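*Asks:* quick one, what's the 3D model for this:
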Amino acid sequence: MGLTSSKPKRPRITESDRALLELKAQRRKLTAERERIDAVIDRETVAAKTLLLQGKRREAALCLKKRKLQEQLVEKVDGFLFNLERTMLDLEDTRRNAELVATLKKGSSVLKQLQDELRVEDVERLMEEREGHREWLDEIEAAMASAGGMEEVNEAAQAELDAMEKEMADAVGGQLPDVPAKAHVAPRAEGEAATQANQPQSAADANAARQAVPA
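*Replies:* Sure, this is the predicted structure:
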């Protein structure tokens, strides 16, 4: 009787294996988003200073408010990545599957929020004057206010804006102008103009005037 050979059975992919793969994929995406956040935050700071120099205080304040929200997102991402790593290490324990699924759902929510909130295009648009610019600013501010918990963000952004404005004013040696100052020549006083009008035009005119006076 001949020996029969059989191919080794492929290991069965379990739900835990699939969950682990999803967690790793989320970790890669969130790490990439985390790096992008840092770049956007830097751009928001530069944009706020530029807008302040242009006298666009409202737009500068909005930049700083958005940056504060982005910094809060950074904290959320960092905390989530920490929990994600811990969950991956504990994945062998099948009793943690329920927690793992919840972590996956939360990760998807955080990732979507990052993608919705952090757009370089918004920073660029604040720097430009387009049609409907004011309406667009109103819309963004209303959306941010409806999110709730904005009081602390507004206060922090306003304090930073005031400090930034003072620092920049000190650097240029005075208060920042709302609009570029135009050089102009001050008009002469009426008294000065009248005095010059009554003055003789030449020495000959002065002599003629003296000779005309009777002795």
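
*Asks:* lowest-scoring secondary structure element of the protein by mean pLDDT?
*Replies:* In the chain, no helix or strand scores lower on mean pLDDT, DSSP states H and E than helix 190-198, which sits at a mean of 47.

*Asks:* residues contacting the closest residue in space to Leu52 that isn't next to it in sequence?
*Replies:* In space, and not counting its chain neighbours, Leu52 is closest to Ala60: 4.4 Å by Cβ to Cβ, 6 or more residues apart in numbering. Every residue, glycine included, has its C-beta placed from N, CA and C. Contact analysis of Ala60 by Cβ atoms under 8 Å, 6 or more residues apart in numbering lists Ala47, Ala48, Lys49, Leu51, Leu52, Leu161, Met164.

*Asks:* neighbour-wise, which of these leads?
*Replies:* Within those, most neighbours by other Cβ atoms under 10 Å means Ala48, with 28 neighbours.

*Asks:* tell me the pLDDT at Asp90?
*Replies:* pLDDT for Asp90: 70.

*Asks:* that one: how many residues sit nearby?
*Replies:* 12.

*Asks:* same thing with Met88?
*Replies:* The burial count for Met88: 16, using other Cβ under 10 Å.

*Asks:* check which helix or strand the nearest residue to it once chain neighbours are set aside maps to.
*Replies:* Of all residues not flanking Met88 in the chain, Leu23 sits nearest, at 5.4 Å (Cβ to Cβ, 6+ apart). Using DSSP states H and E, Leu23 falls within helix 15-53.

*Asks:* between helix 15-53 and whatever helix or strand comes next after that helix, find me the angle.
*Replies:* Downstream of helix 15-53, the next assigned helix or strand under DSSP H and E is helix 57-89. Computed by axes from the mean of the first three to the mean of the last three Cα atoms, to 10 degrees, the angle separating helix 57-89 from helix 15-53 equals 160 degrees.

*Asks:* buried residues in helix 57-89?
*Replies:* Buried residues in helix 57-89, defined by neighbour count with 16 or more other Cβ atoms under 10 Å: 59-70, 73-74, 77, 80-81, 84, 87-88.

*Asks:* so Arg34 makes contact with Lys76?
*Replies:* No: contact criterion Cβ atoms under 8 Å: Arg34 and Lys76 do not qualify, at 10.4 Å.

*Asks:* which residues does Val153 contact?
*Replies:* Taking Cβ under 8 Å, 6+ apart, one finds Lys65, Lys68, Leu69, Gln72, Met144 in contact with Val153.

*Asks:* okay if I get those residues as a markdown table plus pLDDT?
*Replies:* Putting the contacts of Val153 into a markdown table (pLDDT from 0 to 100) gives the following:
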| residue | pLDDT |
| --- | --- |
| Lys65 | 88 |
| Lys68 | 88 |
| Leu69 | 85 |
| Gln72 | 86 |
| Met144 | 68 |
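
*Asks:* so which pair among these is furthest apart in space?
*Replies:* The distance between the two most remote of the contacts of Val153 (Cβ to Cβ) is 12.0 Å, for Gln72 and Met144.
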